[in-house]
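Participant: missing the sequence, but the structure's below:
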């Protein structure tokens, strides 16, 4: 007996919304994974900000060591490891000398500096109150007390230098390891990328390392120039604590824009504590040093380094400083420089031709 064929064909089942065979489900899942990964990356970056900034500091210190080793290599045909050791030894001796000088010779001047600045701020507040610009007993006095308290914390931190010892040691250790064998870490990062993207990654890291070396060389030159000339010039015009102000100016020169403002305010306040004429001379000295640094040192370095817009650097300093504290403020400039080079590489631009 022949088999009866049903008049209606069987219904074809489609994949459900939870089955991975559905192209729409796979596309939506990939999109969700991307967004979740972005959110997790942002959260982890904020939570792990301090370790990440220490790693950036290690890279910055490694760039300094590498630049010094390259300079020594031009005159001494010795191995790279030995050149790195020589540069690290000189850096260690310099740090020990600065700490000894600041701790032994200038430790008593920090309290004097705090007292002088506090007195000058009170005089400015009283003068503004007499002119009606700042009412007495108002919020302005609270702001003044907060500023004085912050200054006291700053001078205390500079005088003892104990709060940053562990971070500084970690940055130094990381910098030594990275500078000794940078290719190991570069190949390790490239190994996580697809093979067809590794050549571009190597080119980008080479450009970022070159830019970072030039940026740090210019920064160290600016620190030495500003600190030395402030010290000599303030000594000649009779400003008290010229050595301390020169040291503070040189250290704060590592923070462009913000460091210059802070050191200038301290210099002028201390100058006026010795008299009106000395205060005016302190203003002149500070203006001449900043003009020399802005029109001679910075342009000379900028031709050999990355071209960064001042407003961009200042904005990133304020942003990273508010988010991550002093480490974010210190390393905002190198982060912006490396990001700029990476974006130029990504867009197909040659950083060398752009400069």
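Facilitator: Looks like it came in fine. In this text the structure is predicted, and so the values were computed from the model without any measurement.
Participant: Quick one: neighbours of the nearest residue to residue 186 once chain neighbours are set aside, just the number.
Facilitator: Excluding the flanking residues, the one nearest residue 186 by C-beta to C-beta, 6 or more residues apart in numbering is residue 205, at 5.6 Å. Bear in mind the C-beta positions are built from the backbone N, C-alpha and C, glycine included. Residue 205 has 19 neighbouring residues, counting by other C-beta atoms under 10 Å.
Participant: same check, this time on the one 5 residues further on
Facilitator: Applying other C-beta under 10 Å, we find 19 other residues in the vicinity of residue 210.
Participant: Figure out how far the helix or strand hosting it is from the centre of its chain.
Facilitator: Element membership for residue 210 (DSSP states H and E) is helix 195-237. How far helix 195-237 lies from its chain's middle: 11 Å, per C-alpha atoms, centre = their mean, to the nearest Å.
Participant: other SSEs contacting it?
Facilitator: Under the contact criterion of 3 or more C-beta pairs under 8 Å, 6 or more residues apart in numbering; DSSP states H and E, helix 195-237 touches helix 49-73, helix 182-191, helix 242-252, helix 258-273, helix 276-292, helix 298-302, helix 332-346, helix 351-354.
Participant: sorry, back to before: what's the pLDDT at the residue nearest to residue 186?
Facilitator: The predicted structure scores residue 205 at 87 on the pLDDT scale.
Participant: pretty sure it is touching residue 185, no?
Facilitator: No. Counting by C-beta atoms under 8 Å, residue 205 does not reach residue 185; the two are 9.5 Å apart.
Participant: what's the neighbour count on the closest residue to residue 229 other than its chain neighbours?
Facilitator: Among residues not flanking residue 229 along the chain, residue 289 sits closest, at 5.1 Å (C-beta to C-beta, 6+ apart). If you count neighbours by other C-beta under 10 Å, residue 289 ends up with 26.
Participant: mind checking how far residue 289 is from residue 250?
Facilitator: 11 Å (C-beta to C-beta, to the nearest Å).
Participant: Got phi/psi on residue 331?
Facilitator: phi -100, psi 10 (degrees, to the nearest 10).
Participant: Who are the contact partners of the nearest residue to it once chain neighbours are set aside?
Facilitator: Excluding the flanking residues, the one nearest residue 331 by C-beta to C-beta, 6+ apart is residue 56, at 4.9 Å. When contacts are counted by C-beta atoms under 8 Å, 6 or more residues apart in numbering, residue 56 touches 331, 334, 335.
Participant: Which one of those residues sits in the busiest neighbourhood?
Facilitator: residue 331 (26 neighbours).
Participant: So what does residue 79 have for phi and psi?
Facilitator: According to degrees, to the nearest 10, residue 79 has phi -70, psi 160.
Participant: Going forward, count from 35.
Facilitator: Fine by me, first position is 35 from now on; the one you just mentioned is residue 113.
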